[in-house]
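next input, structure requested:
(chains A and B)
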Amino acid sequence: MTSALALRPTETSASAPADAGHWSDEAVLAATTAIAEGPLAGAAGAIDHGTYPLDILGQLGAAGALGVHLDRHGARVGLSIAAMQAASRACGATGFLMWCHDVCGLYMEQSGNPALTGTLLADHAAGRSFGGTALSNPMKAFAGIEPILLRAQRVAGGYRVSGMLPWVSHIGPGQYCGAIAGVEADGGIGHEIMFLLRCDRAELRRCPEFSGMEGTSTWGLRLDDYFVGQDDIIADPARPLIGRIRGAFIMLQCGMGLGVAEGSLDSMLAVEETLGHVNQFLDNRPAEIAAELAELRARVMRLAETPYEGATDYLIDVLDARAQTSELALRASQSALLHQGARGYMMSAAPQRRIREAHFVAIVTPAIKHLRWEMARLSREVLPAASAQGAVA
Amino acid sequence: MSPLEPTDGLGPWKQFLCRACGLIYDEGEGDPDSGLEPGTRFADIPDDWACPICGVTKTDFEPYQRRAAVAPAAVPAIRQRRPGVVIVGAGLAGWSAAEAIRAEDASLPITLVTACSGDVYHKPELSVALGRGLSPEMLRRESGTEAAARLGLTLMTDTVAIGLSPERRSLRTTRITLHYTHLVLAHGARSALPGNLDPSLCWRVNDLAAWSGMHADLAGAPRNVAVIGAGMVGCELAEDLARAGHAVTLIGAESLPLPEILPEPASRRLLAGLEGLGVTFRGNTLVSTLTRAANGEVALGFADGTAMEAKTVIAATGLATPSRLVRGAGLAFDRGIVVDQATLRTSGPDIYALGDCISIAGQPCRFIEPIGRQAEAIACAILGRDHPGYAHSAPVIRLKTRSAPIELHGRPVAGAAWAITEQTENRLAMEQRHEGQVTAWLAA
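Numbering: from 1, shown residues only, chains lettered A, B, ... in the order given. Below you'll find the model as predicted:
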């Protein structure tokens, strides 16, 4: 796809690796905002109904919005979140796609596997190739919420993986995603492997229709004796890598919720002049939402300065901020619809779309309930017998 | 801002509001998408024109006067709703605060959030319960549910306080985000286990739930028990375990137990009492590792290279106040939540704290006696009642070691000299003086 930015005289060659050189904080944010307010704002309705915006993601990638969180580009997780927020303000589905793309890049880079960190990652980070993440199930499995769905068997030169994942986003023909499978041992799971799953060797199954965000290219993914060789291994065993990137993985999602909340705030303010005299009787007024958004965003940005900190207290802070972005997006989006009334309820209106986007933010893994489950678990004192765990409030 | 100024002599451009969807038709801007040039007067719009957003016709538009934005009184200082008091923690401090508020006001809404079941018990009993053959059921004086019903409050059990936003007066928990008019932090302290000791291999007894776990673990035949840490709790538990028939090794970092607050002669009496009950004291010893031995026991590796095994290990290595919640909220913290000495007010608006989680002048104060008085001061502050204020003083320390009970008054200064004022076979009395005044005294 041709991107507007790629047509600029200074960036005539889309394949030139020099693009990263332009990725100053200001440039990335300015270009992302321009894309968000321009083509993305115009396409948000279509994306909601099924258009997969790879062209816009390509533009975002060229602008640096999909690569700056990587170590090789300065580990600017805060900037990455800010870019995701700017995009999500116009279109929550695109914000989600950015997150899928961001964490896939994170897996590749953190793998340390030369086969995954070379051209493949350079193309991925610049939005010249695309891939997502299939970690919803294993993340829940690691938290003790559900069993792991992909099973691997060790074979000569690697593993063979079989199983079915119900919905994986930002994948498609020619694309890829990070995935985790449990390695069978003695009738159970011995350890897990993490690998880059090539969609062309898997079966993509159409998902049932969702109530929104249909343009996220979400598929059921079926593997049948899928071979994983050394070149595609992200981590073996998988848990140490997951433990290392967990905070960043969850924190990056905050960009979606912040953006949906900010877009909702825009919608409230848009009718303030005409409807402020009656809207003043509503709960969750723009000033309240704006104050909470500012405080929460500042907290997220502080946490983003040390995305790989390992302390339990830090992780709880990240989970707390992530949960709050969901709660705020839900409240803000509902309030925006109430502020706009029938105008916001029209199928073409942003407020009703954001209601569905906000609910997605709140249910995508980790959902609010998963976050609370995990925060409760992490807050518990570890004692010798699991049956007798106590904790301070 | 309209791009062109009117020249038709009909006055300034006017605006018309779509009653259906709120769209404003501005004569100066027109509606070029529908073929209305900028500067098209509303009266000149053909009747078949439709609102570009919702499709209604021009008869559904009305003249619109731009209004000034509503004054930004968006966040009232006092909300119309009355969220009431939220208390975090259902130990003695939390329940005391609830009791004190209820004693003054029968109807103020109170919500008590606790990570445990909220059952009411008397914490000092945990140090002597094994020797007395008490069970968790016997220690439980009232269930949390019963206490909540008696006090007419909402009890949220198994709920952890996660995040606090003082400016919005909201407390995020693992179940719901609560709004409050006043917040009382009573979440206590937590065992401070050195990082090199595996928490899944040693008990720490700081609440009824943990004690109950240890109690269940110790059920059955007497066994070898190692107690790490010879401070107050370690000494009391060592005696209690010995009275319950277990073979106890008490491990201390110094040559005598309780060296931080007791002078040597008193420590010696304490040690003699413990040894009289069969407790083995292993002084000058630091535990470096805990591992599960092949026989199922726990192997303790010591810094000097030696080792021992015990079937049950208990760590009494001190307490620390969790700081994440209050630091995250920007509240002052100095080894505990910093509170005003008289009002127990924290640095956050309408947030109070009491019990084990606070620090006064940089000193945590983890004793039972002041809690009731602290709760009263907080209740009066919240309800706007006159109150002389909480008067902080050093509490009397009573070591619940019946083999050698010790009472300590005043503020002992570590390292300062103690003088013996009485010494017989049955009684030792000592005092510390500063500039001629007795600043601390003890009886053993």
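
for A:Gly344, what are its contacts?
A:Ser267, A:Ala336, A:Leu337, A:Ala350, A:Pro351, A:Gln352 (C-beta atoms under 8 Å, 6 or more residues apart in numbering or on different chains). Where C-beta positions appear, they are placed from N, C-alpha and C, glycine not excepted.

give me the element the second one is part of.
When elements are assigned from DSSP states H and E, A:Ala336 belongs to helix A:312-340.

pull out the buried positions in whichever helix or strand comes after that helix.
Using DSSP H and E, the next helix or strand after helix A:312-340 towards the C-terminus is helix A:342-345. Buried residues in helix A:342-345, counted by 16 or more other C-beta atoms under 10 Å in any protein chain shown: A:Arg343, A:Gly344.

tell me the helix or strand right after helix A:342-345.
Downstream of helix A:342-345, the next assigned helix or strand under DSSP H and E is helix A:350-363.

which positions in that next one come out as buried?
Across helix A:350-363, burial judged by 16+ other C-beta under 10 Å covers A:350-362.

from the chain's centre, how far out does it sit?
Helix A:350-363 has its average C-alpha position 15 Å from the chain's average C-alpha position, going by C-alpha atoms, centre = their mean, to the nearest Å.

just checking, what packs against that helix?
helix A:41-48, helix A:92-111, helix A:254-270, helix A:312-340, helix A:342-345 (3 or more C-beta pairs under 8 Å, 6 or more residues apart in numbering or on different chains; DSSP states H and E).

avg pLDDT for stretch B:369-386?
The average pLDDT within stretch B:369-386 is 93.

what of stretch A:348-357?
Mean predicted lDDT for stretch A:348-357 stands at 97.

kindly confirm my reading that A:Ile234 forms part of a strand.
Yes. Applying DSSP: H, G, I helix; E, B strand; the rest coil, one finds A:Ile234 inside a strand.

contacts only, for the most centrally placed residue in chain A.
Centrality entry for chain A: nearest residue to the mean C-alpha point is A:Trp99, 2.7 Å, by C-alpha atoms, centre = their mean. Neighbour list for A:Trp99: A:Met84, A:Leu252, A:Gln253, A:Gly255, A:Met256 [criterion: C-beta under 8 Å, 6+ apart].

from those residues, which is closest to B:Arg385?
Here the nearest of the contacts of A:Trp99 to B:Arg385, counting by C-beta to C-beta, is A:Gln253; it sits at 47.0 Å.

the closest one: what's its closest spatial neighbour, skipping adjacent residues?
A:Trp99 (5.5 Å; C-beta to C-beta, 6 or more residues apart in numbering or on different chains).

mind telling me what element the residue sitting furthest away from the middle of chain A is part of?
Computed with C-alpha atoms, centre = their mean, the residue of chain A farthest from its C-alpha average is A:His277, at 38.1 Å. Assigned by DSSP H and E, A:His277 falls within helix A:272-279.

now that helix, how far from the centre of its chain.
Relative to its parent chain, helix A:272-279 has a centroid offset of 35 Å by C-alpha atoms, centre = their mean.

how does chain B divide into domains?
B:15-64, B:85-189+B:321-383, B:199-319, B:397-443 (automatic domain parsing).

for chain B, what is the nearest residue in the stretch 201-350 of chain A?
A:Ala287 (3.2 Å; C-beta to the nearest C-beta).

for the host helix or strand of that residue, packing partners?
Secondary structure assigned from DSSP H and E places A:Ala287 in helix A:286-303. Helix A:286-303 is packed against helix A:77-90, helix A:239-252, helix A:254-270, helix A:312-340, with contacts defined by 3+ C-beta pairs under 8 Å, 6+ apart.
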